[in-house]
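**Student:** sequence-free structure coming up:
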Ligand SMILES: Nc1ncnc2c1ncn2[C@@H]1O[C@H](COP(=O)(O)OP(=O)(O)OP(=O)(O)O)[C@@H](O)[C@H]1O
Ligand SMILES: [Mg+2]
């Protein structure tokens, strides 16, 4: 949007993989703020159970969780569609429960279920959506054309949407969510059911929205790699509760034990190898097997230089180093006690 | 207020455009009243000979009845459109946007009014074609169309409300079938009121379908009693307001359970 917005975003993005928010952003009003949200459906379903989080302007926040975790319910509450039993929420400082009308002008929402009017064309869908937000005339016309172009829908623009592929409908959904240039965008599983190529395109478009246009995005997803790839901060939700939060790297870093695997150039005495490394006091589960040395460390980033220096100092030349970082899957497993795919199938209703 | 009006206009446009893209719907709304008119016109042709029927040509009697009945049926099914919007996530999309809430209903009701007017004109034309005559036509025909629209509005609203509450096509279909047919036969759409069993006459007094037929027929009769017409139209207006209120309540309840 504004040049200013973009500048702030760039600053925040540069520390996306770092540890904390910059002081700069923590002073701002969060773009999205949820406090102690609770929503229970009939039949005693605790869809959302005391959920709190905040999203800084211009960042992408991921809500990650299996089927039935409460992601969509959270999105519905934040987008004014549904009311929580208790708790509060603010979008750019505006109270969602007290001033839903004002919130609706600020947000764009791409629901999990497509909202495309299948009897209408892409152009008609976008035009009506724009009008509802008070746009009109030449401005709306050019905005519609711009979005059609950007989402690769120009050639299909005047065909009825029922003939569109799943990917085209999804892109139209996202385009509709953007028509009024919202400041905060909610994307509920934007790439579920898309083939990998289309998914990659969609990812590119989503990151572009945050970096170039300064949008704040809340994204829910089933895909660990999607959250890892797009979100600067994320929360893992399970049974309506947040079980872990942080940057993807922080979460992965919490798992004590990156595994490192070092290949030595030549076979050497395993005793001296163990000696050299154990003295550092930073590795666990050290294992030497021929030329291969395996170990688990708290953080490979600090451990590897030290281990390499120690081996070098002991006159043990190293041929290669392999680090495997724990995946978000491991994080999920640790926090919920279930593997992700297990939870996902179990959650299917 | 102006937002409600402009948004209602947009919503109405959307629905009319979508309807226009469904040739099957168009064919159905034109063909079925035509069939009723011809079929029942032939079947009951002789009933005018019954003593006390009170009309001299059955087709004259039937045409306003079919106009009203068709309005009732189109309106009754309008909830199916709501279900479709609901299933396709279109309704939720509008609900998270600043779209005027009332416009979502008013848009549908005005769309229905337009459909009803077009349908009524077609039926009246068909009636004239097969021999109906309305010598004092003009204003009487206008009143007939108005009474059809005023019947379509409340039943359209009720149908939308039922759709928002039930949220399943099957339930709406069942409810509509359960309500429309009895209401049609407990009115003077096909049969003169004077020839109905006594209890039916009593029931018909409270039947909005009957109000609408009575208003339309009275307005077309050669020395129309306009106070009768206006009273019935008045009932319909009140009924429409109640139903519109119910529809907004149904909307609220839908949003609460979202
Ligand atoms: N309208 C509703 N009425 C009753 N129960 C509901 C409703 N919506 C959701 N639920 C229940 O609330 C729980 C959370 O659902 P929600 O849709 O928020 O999960 P989700 O994380 O979005 O799952 P998914 O990944 O499948 O989309 C589930 O158990 C679901 O069955
Ligand atoms: Mg969901």
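**Tutor:** Here it is on my side, so go on. Just so it is clear, the structure is predicted and the values come from calculations on it, not from any experiment. Ligands and ions are numbered 1, 2, ... in the order given.
**Student:** give me the neighbour count for residue A:268.
**Tutor:** Look at residue A:268: counted by other CB atoms under 10 Å in any protein chain shown, it has 18 neighbours. No exception for glycine: its C-beta is placed from N, CA and C like everyone else's.
**Student:** then residue A:336?
**Tutor:** Number of residues near residue A:336 (other CB under 10 Å) recorded here: 21.
**Student:** just how off-centre is stretch B:219-238 within its chain?
**Tutor:** Offset of stretch B:219-238 from its chain centre (CA atoms, centre = their mean, to the nearest Å): 17 Å.
**Student:** correction: stretch A:181-190
**Tutor:** Centroid separation for stretch A:181-190 versus its chain: 12 Å, with CA atoms, centre = their mean.
**Student:** show the end-to-end separation of it, please.
**Tutor:** 18 Å (CA to CA, to the nearest Å).
**Student:** what of stretch A:148-167?
**Tutor:** Stretch A:148-167 has its terminal residues 14 Å apart, counting by CA to CA.
**Student:** go through that stretch and flag the buried ones.
**Tutor:** By 16 or more other CB atoms under 10 Å in any protein chain shown, the buried positions in stretch A:148-167 come out as A:148, A:151, A:153, A:156, A:157, A:160, A:161, A:164, A:167.
**Student:** and which of those residues is nearest residue A:208?
**Tutor:** residue A:151 (11.7 Å; CB to CB).
**Student:** just to check, that closest one is in contact with residue A:175?
**Tutor:** Yes. Under the criterion of CB atoms under 8 Å, residue A:151 makes contact with residue A:175 at 4.7 Å.
**Student:** please narrow the buried residues of stretch A:148-167 to those residing in strands.
**Tutor:** Members of those lying in strands (criterion: DSSP state E): none.
**Student:** can I assume residue A:54 sits in a strand?
**Tutor:** Yes. If the criterion is DSSP: H, G, I helix; E, B strand; the rest coil, then residue A:54 is within a strand.
**Student:** between the buried residues of stretch A:148-167, which sits nearest ligand 2?
**Tutor:** Nearest to ligand 2 among the buried residues of stretch A:148-167 is residue A:167, at 19.2 Å by CB to the ion.
**Student:** identify the residue of chain A closest to chain B, quick one.
**Tutor:** Distances between chain A and chain B by CB to the nearest CB are smallest at residue A:115, namely 3.2 Å.
**Student:** and the gap between that residue and residue A:169?
**Tutor:** From residue A:115 across to residue A:169, the span is 10 Å (CB to CB, to the nearest Å).
**Student:** which element is residue A:101 on?
**Tutor:** helix A:100-106 (DSSP states H and E).
**Student:** tell me which parts of chain A are close to ligand 2?
**Tutor:** Selection of chain A residues close to ligand 2 by CB under 5 Å from the ion yields A:71, A:72, A:112.
**Student:** from what I can see the second one touches residue A:220, true?
**Tutor:** Yes. Taking CB under 8 Å as the definition, residue A:72 is a contact partner of residue A:220 at 6.9 Å.
**Student:** so between these two, which is more surrounded?
**Tutor:** The neighbour count for residue A:72 versus residue A:220, taken as other CB under 10 Å, is higher for residue A:220 (25 against 20).
**Student:** one step back: output the residues of chain A next to ligand 2 as JSON lines; include the columns pLDDT and secondary structure.
**Tutor:** Below are these laid out as JSON lines (pLDDT from 0 to 100; DSSP: H, G, I helix; E, B strand; the rest coil):
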{"residue": "A:71", "pLDDT": "95", "secondary structure": "helix"}
{"residue": "A:72", "pLDDT": "95", "secondary structure": "helix"}
{"residue": "A:112", "pLDDT": "93", "secondary structure": "coil"}
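**Student:** wait, which of those residues is closest to ligand 2?
**Tutor:** Within those, the smallest distance to ligand 2 is 3.0 Å, found for residue A:72 (CB to the ion).
**Student:** pull up the distance across stretch A:258-273, start to finish.
**Tutor:** End-to-end for stretch A:258-273, by CA to CA: 20 Å.
**Student:** residues in contact with that stretch?
**Tutor:** Stretch A:258-273 is contacted by residues A:288, A:290-300, A:303-304, A:307-308, A:311, A:314, A:316-326 when judged by CB atoms under 8 Å, 6 or more residues apart in numbering or on different chains.
**Student:** same deal with stretch A:128-145?
**Tutor:** A:105, A:117, A:120, A:123, A:126-127, A:154, A:176, A:179-180, B:6-7, B:10, B:14, B:93-94, B:97-99.
**Student:** mind checking which of the residues you listed land in helices?
**Tutor:** Within these, residues falling in helices by DSSP state H are A:105, A:123, A:126, A:127, A:176, B:6, B:7, B:10, B:14, B:93, B:94.
**Student:** in PyMOL, select just the buried ones from those residues.
**Tutor:** Command for PyMOL that selects the buried part of those, burial taken from 16+ other CB under 10 Å:
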select buried, (chain A and resi 123+126+127+176) or (chain B and resi 6+7+10+14+93+94)
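**Student:** ok, the ones in helices among the contacts of stretch A:128-145 vs residue B:128, which is closest?
**Tutor:** Closest to residue B:128, out of all of these and judged by CB to CB, is residue B:14, at 33.3 Å.
**Student:** residues of the stretch 1-150 of chain B that sit close to ligand 2?
**Tutor:** Close to ligand 2, as judged by CB under 5 Å from the ion, the stretch 1-150 of chain B has no residues.
**Student:** out of everything not next to it in sequence, what's closest to whatever residue of the stretch 1-150 of chain B ends up closest to chain A?
**Tutor:** Using CB to the nearest CB, the closest approach of the stretch 1-150 of chain B to chain A is made by residue B:93 at 3.2 Å. In space, and not counting its chain neighbours, residue B:93 is closest to residue A:115: 3.2 Å by CB to CB, 6 or more residues apart in numbering or on different chains.
**Student:** what sits against the one you found?
**Tutor:** So residue A:115 contacts A:173, A:176, B:88, B:89, B:90, B:92, B:93 (CB under 8 Å, 6+ apart).
**Student:** how does it look with 6 Å?
**Tutor:** Taking CB atoms under 6 Å, 6 or more residues apart in numbering or on different chains, we find residue A:115 in contact with B:89, B:90, B:93.
**Student:** shaky segments in chain B?
**Tutor:** For chain B, no stretch has pLDDT under 70.
**Student:** show me where it has helices.
**Tutor:** For chain B, applying DSSP H gives helices covering B:2-20, B:23-43, B:58-76, B:79-87, B:90-95, B:101-129, B:139-166, B:169-185, B:198-205, B:208-220, B:226-256.
**Student:** same question, the stretch 151-300 of chain A
**Tutor:** In the stretch 151-300 of chain A, the helices defined using DSSP state H, counting those that start in this stretch lie at A:166-178, A:196-213, A:224-230, A:248-254, A:270-278, A:300-313.
**Student:** save these as TSV, and put in mean pLDDT and distance to ligand 1 too.
**Tutor:** Shown next, in TSV, are those (pLDDT from 0 to 100; distance: least, CB to the nearest ligand atom, whole Å):
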stretch	mean pLDDT	distance to ligand 1
helix A:166-178	94	15
helix A:196-213	89	16
helix A:224-230	87	13
helix A:248-254	79	18
helix A:270-278	85	44
helix A:300-313	86	32
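**Student:** deepest in the core, which of those helices is it.
**Tutor:** Highest mean neighbour count of the helices of the stretch 151-300 of chain A: helix A:166-178, a mean of 23 (counted as mean count of other CB atoms under 10 Å in any protein chain shown).
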